[in-house]
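Chemist: Sharing a model prediction with you, sequence too.
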Amino acid sequence: MLKSLFLVKDPTRLMKRLSRYGVINREEYEEYWAFKASKFTYKEEGLWTTKNVDFLEDPAFQRAFKLGKETGSWGKRSLRYRNYIICWAATQGAALEGDFVECGVNKGGFARMIIDYVGFEKLNKQFWLLDTYEGLVEECFTEEEKACGKEVGNYYEPCYETVVKTFQPFPNVKIIKGVIPHTLPEVTCEKVAFLSIDMNCVLPEIAAIEYFWERLTPGAPVVLDDYGWPEHEEQKKGFDQFAKQHNIQVLTLPTGQGLIIKPSLG
């Protein structure tokens with residue numbers, strides 16, 4: 001509620017009226033004033049905080065983030081906090097046995113950033129990048145998603161040749177073009193140490209985690225890019241059901257992401 005108040009012309013006057021007529025209580029009124037007086041350390045992508053975010057100033061992260069952003073994957077958006085989560089997860093995966101897999105690549109921003117951040121070219125791993133490289137396709141949509149306005153292609157432009165050029169200097173990057181789940185068998189590694197899932201629709205995302213679940217090394221992170229966003233409710237439902245079936249929990253992050261750590265058993 002507090003965030004939405006800053007979108008009105010005179011939030012202070014509105015708060016006074018809400019307080020006067022009992023719509024909000026005194027505690028909420030005082031919370032508003034504390035919120036208004038706060039010095040924000042981060043205000044991007046719907047995430048406002050006054051907490052310490054000095055990790056975003058780390059030179060290694062800034063360099064990697066710049067390389068990722070230069071791919072054009074995120075347009076004019078910043079996504080710094082969300083990208084830091086990806087880098088953190090990749091660091092955990094770098095110390096484990098197995099390859100890296102990204103399902104939903106677009107122009108390769110996440111992967112290019114990860115490669116620099118963890119020094120991936122020096123690791124004895126492969127990085128598998130799976131995407132249509134042309135946006136969403138109709139066969140991936142559920143009826144519920146179609147009803148919510150999901151569209152073929154969406155706002156993604158064809159980018160396969162661009163991605164090939166971006167990762168040409170890295171021989172341990174494998175680019176797989178096509179629709180998931182059809183392309184999943186092309187990932188031939190036996191173990192996975194890091195898995196990123198970001199395909200904006202539920203069927204290929206659940207297919208991906210089901211396919212790789214048994215291959216995930218214990219302790220391997222799985223980052224669900226869309227998990228906490230209201231427009232991706234069907235994906236959240238799908239992963240919640242998957243988590244229930246495997247007796248695990250998805251950690252909801254304030255960035256809108258979800259995080260799963262593969263347990264030692266199950």
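Modeler: On my side now, so go ahead. Just so it is clear, the model here is predicted, and its values are computed rather than measured.
Chemist: Okay, helices next: where are they in this structure?
Modeler: Listed from the start of the chain, the chain has helices (DSSP state H) covering 2-5, 11-20, 26-37, 59-69, 80-94, 109-118, 143-147, 160-167, 202-212, 233-245.
Chemist: tell me, what residue is most central in the chain?
Modeler: With distances taken as Cα atoms, centre = their mean, the residue of the chain nearest its centroid is Asp225 (2.2 Å).
Chemist: who's in contact with that residue?
Modeler: Asp225 makes contact with Arg82, Gly104, Ser196, Ile197, Asp198, Gly256, Gln257 under the criterion Cβ atoms under 8 Å, 6 or more residues apart in numbering. Backbone N, C-alpha and C define where each C-beta goes, glycine included.
Chemist: And the pLDDT at Glu31?
Modeler: pLDDT, Glu31: 66.
Chemist: How about the one 5 residues further on?
Modeler: At Lys36, the pLDDT value in this model is 64.
Chemist: re the thing from before, so which of the contacts of Asp225 is the most crowded?
Modeler: If you count neighbours using other Cβ atoms under 10 Å, the busiest of the contacts of Asp225 is Ile197, which has 27 neighbours.
Chemist: Just confirm that residue contacts Leu224, I think it does.
Modeler: Yes: with contacts counted by Cβ atoms under 8 Å, Ile197 reaches Leu224, the gap being 5.4 Å.
Chemist: ok, back up a step: next, format the helices of the chain as CSV and append distance to Lys191.
Modeler: Shown next, in CSV, are those (distance: least, Cβ to Cβ, whole Å):
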stretch, distance to Lys191
helix 2-5, 42
helix 11-20, 52
helix 26-37, 46
helix 59-69, 24
helix 80-94, 11
helix 109-118, 17
helix 143-147, 32
helix 160-167, 22
helix 202-212, 10
helix 233-245, 20
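Chemist: tell me the most buried of these?
Modeler: When the helices of the chain are scored by mean count of other Cβ atoms under 10 Å, the highest mean neighbour count falls to helix 109-118 (a mean of 24).
Chemist: just to revisit the earlier point, out of the helices of the chain, which is closest to Ser264?
Modeler: Ser264 sits nearest to helix 80-94 of all the helices of the chain, at 14.6 Å, using Cβ to Cβ.
Chemist: on that earlier part again, distance check, the residue nearest to the centre of the chain against Asn106.
Modeler: In this view, Asp225 and Asn106 are 11 Å apart by Cβ to Cβ, to the nearest Å.
Chemist: who touches Phe242 in this structure?
Modeler: Ile206, Ile209, Glu210.
Chemist: ok, of those residues, which one's closest to Pro185?
Modeler: Nearest to Pro185 among those: Glu210, at 13.1 Å, using Cβ to Cβ.
Chemist: ok now do that closest one, which residues does it touch?
Modeler: Here Glu210 is in contact with Phe242 (Cβ under 8 Å, 6+ apart).
Chemist: pretty sure Gly178 is touching Thr132, no?
Modeler: Yes: with contact defined as Cβ under 8 Å, Gly178 counts as touching Thr132 (6.6 Å).
Chemist: These two - which one has more neighbours?
Modeler: Counted by other Cβ under 10 Å, Gly178 and Thr132 do not tie: Thr132 has more neighbours, with 23 against 15.
Chemist: For Arg80, which non-adjacent residue is spatially closest?
Modeler: Leu56 (5.4 Å; Cβ to Cβ, 6 or more residues apart in numbering).
Chemist: Alright, I will stop here.
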